[in-house]
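A.B. asks: With the sequence up front, the predicted model follows.
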Amino acid sequence: MGHELNPVRVRARRWLSYRAALELGFGRALAFSAAFALACNTPRPAEVAQQPAPEAASTSSAASAETRLAAALGTEAATLGAVAIGQHGAVSSAEANASAVGRAVLQRGGNAVDAAVAVAFVLGVTQPSAGNIGGGGFMLVREPSGKSVAIDYREVAPRGATRDMFVDASGSVTSDGRYGPLAAGVPGTVAGLGYAHRRWGSLPWSELLAPAIALARAGHTLDRAHAEELAWGLGTLREYQTRLAAEHPANGTPPAPSHTALERAVERTGELWSGAGGAPLAEGALWQQPELADTLTSIADGGPNAFYGGPLAERLTRQMQAMGGLWTLDDLAAYRVIERAPIEFDYHGHHIITMPPPSGGGVVLRQILAASDKLELASLDWDSAEHAHLFVEIARRAYADRNQLVADPDFAQVPLARLLDTEHVLSRMADIDRQHATPSSRIAGGTAIAESNHTTHFSVVDAGGMAVANTFTLNESFGARVQVPGTGVTLNNEMDDFTAKVGSPNLFGLVQGPQNAIAPGKRMLSSMSPTLVLQGDHLRAVLGSPGGPTITTTVAQVLLQLVDHGRSLEAAIAAPRIHHQWLPDEIAYEQRLPTATVRALRQLGHTLVSEPGIGHANCIALDPETGLLHAVADVTRGGGAAAAY
């Protein structure tokens with residue numbers, strides 16, 4: 001090896017560069033004393049380059065640094081709760097390690113985008129059901145100057161995708177859009193995070209990935225919410241294994257090589273998602289993901305482009321094609337992040353900034369708020385049946401518009417100006433009956449789009465006034481239920497967000513329309529709604545949620561409580577939620593909704609279906625009186641943690 005900087009030594013150097021973050025970000029945590037000592041005793045980068053060292057010693061040093069760092073992060077994460085208040089910076093996410101890392105980056109002197117990059121990669125390790133790097137999403141960034149930018153890093157259909165690829169010879173829709181390699185769109189997460197870092201980041205890229213690498217290789221302790229989530233994912237993976245086995249030829253001939261490769265990949269994924277003997281990992285278990293750690297190291301050392309070209313990209317496409325997937329090197333190399341102008345409008349003394357198409361979330365949010373103003377919902381008791389009834393009737397009509405007219409603007413004519421026009425919104429709401437539910441069959445609209453509820457959102461604000469709202473996903477929880485062998489990359493199943501067969505029910509029993517049909521290079525319609533709220537020239541809130549179609553109604557309900565009802569962010573997030581999306585014609589409601597309200601809504605003619613939880617809003621609000629940041633994690637709906645300083 002001589003004086004060369006091999007990958008293991010490069011990793012060791014990253015731990016050294018992270019020492020300042022540890023000292024500044026976690027200085028009060030006693031668990032970090034060991035990490036400090038290790039950093040001080042590890043050779044400095046120049047010494048590593050000048051003094052030959054045995055490979056085994058170098059490997060041991062790096063591994064020890066990773067172990068200490070992961071343990072120290074776990075200790076700090078355990079101190080976090082649902083609410084955090086600070087003056088300088090704040091983070092709220094679906095997992096405690098991620099929030100702890102985000103705060104550390106801010107305390108180090110990194111900005112909100114630096115923290116967002118670090119948080120996102122950590123979520124790819126600690127909340128892989130939704131945050132794995134095999135997916136995509138949307139990011140809103142507000143610069144200190146006040147300018148806001150929307151970053152679209154949504155997945156795209158591979159070049160080999162066809163309009164009817166999920167329709168079999170009998171005309172039936174297959175399950176290939178939900179399970180296995182054909183379900184996966186070309187991922188955008190790594191490119192999106194890289195784009196944001198190149199534009200706004202201030203700390204070294206590799207340094208921001210260091211915590212995720214440490215948590216993947218050395219492991220992190222599963223909390224209850226994520227242990228249960230992982231057990232659920234393992235269960236659905238094994239159901240998929242059973243279906244694959246049942247597809248073997250009845251005459252005893254061997255299955256196709258691609259089928260065999262897929263079965264082996266699913267089996268290996270199950271091994272990585274389970275403990276000894278294949279049992280689900282329980283709360284408190286240490287979960288290690290060495291293959292993902294190696295992939296993240298390649299991305300840290302080679303930059304974001306390492307995912308889209310070179311040895312890692314070659315491995316991804318080779319393994320995908322062996323399993324019967326469509327990705328090619330050209331697909332990965334051609335992926336592009338798109339910077340879009342956000343949707344912006346005013347509402348009751350506040351300025352709202354949200355996501356444009358191919359997200360339908362911004363359109364729905366605009367229509368809900370415009371109609372709420374017209375119908376004077378602010379004058380009604382938030383918890384009353386009358387308020388709930390009108391909110392549902394507004395959402396019913398907004399989703400009918402969204403499902404008819406919104407799609408990828410690069411492939412379809414989206415009448416955005418019309419959809420956002422107040423007069424159009426008011427005309428859509430003109431037939432609302434305050435005393436009776438309107439059947440969705442009477443509401444003209446398009447066709448319903450099915451989306452999974454499994455996404456993740458985080459919010460970041462820094463001391464300089466920069467804010468980030470980021471929502472990203474694999475679509476369903478754990479995506480296509482298989483990882484690309486040897487990489488730790490869980491495949492998304494975003495292809496199911498396209499129209500599988502125009503005019504016929506999809507796997508969720510919903511009928512979809514041609515505006516969202518599959519086409520090579522096209523981005524599938526989404527409800528992800530990262531949102532910023534301003535009051536005057538000052539930030540008021542950073543909002544967002546997972547939840548498929550429920551995302552936008554969740555954001556709207558939190559926003560309306562903040563703006564119109566003077567509730568704190570903590571109270572707004574804790575309040576029970578409702579949802580209606582035009583089709584199916586039913587109100588989804590959380591079980592905590594008062595019984596009297598449920599009864600009154602039924603008397604108005606609504607069909608109601610109870611849900612244990614709707615959304616998972618991890619948000620930040622700025623108190624206009626004190627100037628303090630209030631970070632709130634939606635812990636009762638799936639875990640999470642807030643951090644501030």
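C.D. replies: It's in.
A.B. asks: Give me the neighbour count for L209.
C.D. replies: Using other Cβ atoms under 10 Å as the criterion, L209 is surrounded by 23 other residues. In this view, the C-beta of every residue, glycine as well, is placed from N, C-alpha and C.
A.B. asks: any idea how far it is from L296?
C.D. replies: For L209, the distance to L296 (Cβ to Cβ, to the nearest Å) stands at 6 Å.
A.B. asks: Next: T438.
C.D. replies: Taking Cβ to Cβ, one finds T438 at 50 Å from L296.
A.B. asks: ok, those two, which is more surrounded?
C.D. replies: When neighbours are counted by other Cβ under 10 Å, L296 comes out ahead of the other of T438 and L296, with 27 against 17.
A.B. asks: wait, isn't the more buried one in contact with A118?
C.D. replies: No - counting by Cβ atoms under 8 Å, A118 is not a contact partner of L296; they are 11.7 Å apart.
A.B. asks: what touches both of the two?
C.D. replies: Contact criterion Cβ atoms under 8 Å, 6 or more residues apart in numbering; residues bridging L296 and A118 by contacting each: L209, A212.
A.B. asks: intersection of neighbour lists for L209 and L296?
C.D. replies: F121.
A.B. asks: ok, T531 touching T552?
C.D. replies: No - under the criterion of Cβ under 8 Å, T531 is not in contact with T552, lying 9.1 Å apart.
A.B. asks: Give the intersection of the neighbour lists for these two.
C.D. replies: Once Cβ under 8 Å, 6+ apart is applied, the residues that T531 and T552 both contact turn out to be L365.
A.B. asks: Neighbour count: the two, which is higher?
C.D. replies: Under the neighbour definition other Cβ under 10 Å, T531 and T552 were set side by side, and T552 has more, 34 against 30.
A.B. asks: Next one: the more buried one from R592, what distance?
C.D. replies: 21 Å.
A.B. asks: how about the strands in the stretch 201-350 of the chain?
C.D. replies: For the stretch 201-350 of the chain, the strands defined by DSSP state E, counting those that start in this stretch occupy 220-221, 286-287, 338-340, 343-347, 350-354.
A.B. asks: er, the stretch 351-500 of the chain actually
C.D. replies: If you assign secondary structure with DSSP E, counting those that start in this stretch, the strands in the stretch 351-500 of the chain sit at 455-461, 467-473, 483-484, 489-490.
A.B. asks: Take those strands and lay them out in CSV including mean neighbour count.
C.D. replies: Output for those, formatted as CSV (neighbours: other Cβ atoms under 10 Å):
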stretch, mean neighbour count
strand 455-461, 32
strand 467-473, 31
strand 483-484, 28
strand 489-490, 30
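A.B. asks: Out of those strands, which gets nearest to R602?
C.D. replies: When the strands of the stretch 351-500 of the chain are compared by Cβ to Cβ, strand 455-461 sits nearest R602, at 30.1 Å.
A.B. asks: Could you name the helices and strands sitting against that closest one?
C.D. replies: On a contact count with 3 or more Cβ pairs under 8 Å, 6 or more residues apart in numbering; DSSP states H and E, strand 455-461 meets strand 90-93, helix 96-108, helix 112-126, helix 128-131, strand 467-473, strand 538-543, strand 619-622.
A.B. asks: Out of these, which is the most enclosed?
C.D. replies: Across these, the average number of neighbours (mean count of other Cβ atoms under 10 Å) peaks for strand 90-93, which reaches a mean of 35.
A.B. asks: how distant is that one from the center of its chain?
C.D. replies: Between the centre of strand 90-93 and the centre of its chain there are 14 Å (Cα atoms, centre = their mean, to the nearest Å).
A.B. asks: packing partners for it?
C.D. replies: helix 96-108, helix 112-126, strand 455-461, strand 619-622, strand 629-632, strand 641-644.
A.B. asks: Would you mind giving the ones you listed as CSV with distance to V489 and mean pLDDT added?
C.D. replies: Putting the helices and strands packed on strand 90-93 into CSV (distance: least, Cβ to Cβ, whole Å; pLDDT from 0 to 100) gives the following:
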stretch, distance to V489, mean pLDDT
helix 96-108, 18, 97
helix 112-126, 9, 98
strand 455-461, 16, 97
strand 619-622, 29, 98
strand 629-632, 30, 98
strand 641-644, 25, 98
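A.B. asks: Now render these as CSV, adding distance to T75.
C.D. replies: Formatted as CSV, the entries for those read as follows, by distance: least, Cβ to Cβ, whole Å:
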stretch, distance to T75
helix 96-108, 9
helix 112-126, 15
strand 455-461, 21
strand 619-622, 24
strand 629-632, 20
strand 641-644, 13
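A.B. asks: Of the ones you listed, which is nearest H387?
C.D. replies: Taking Cβ to Cβ, strand 619-622 is the member of these nearest to H387, at 21.2 Å.
A.B. asks: Which elements pack onto that closest one?
C.D. replies: On a contact count with 3+ Cβ pairs under 8 Å, 6+ apart, strand 619-622 meets strand 90-93, strand 455-461, strand 538-543, helix 569-574, strand 629-632.
A.B. asks: who's in contact with that strand?
C.D. replies: The set of residues that contact strand 619-622 without belonging to it, under Cβ under 8 Å, 6+ apart, is 90-92, 459-461, 467, 538-544, 558, 562, 568-569, 573, 628-632, 634.
A.B. asks: pretty sure R159 is touching D331, no?
C.D. replies: Yes - under the criterion of Cβ under 8 Å, R159 makes contact with D331 at 5.7 Å.
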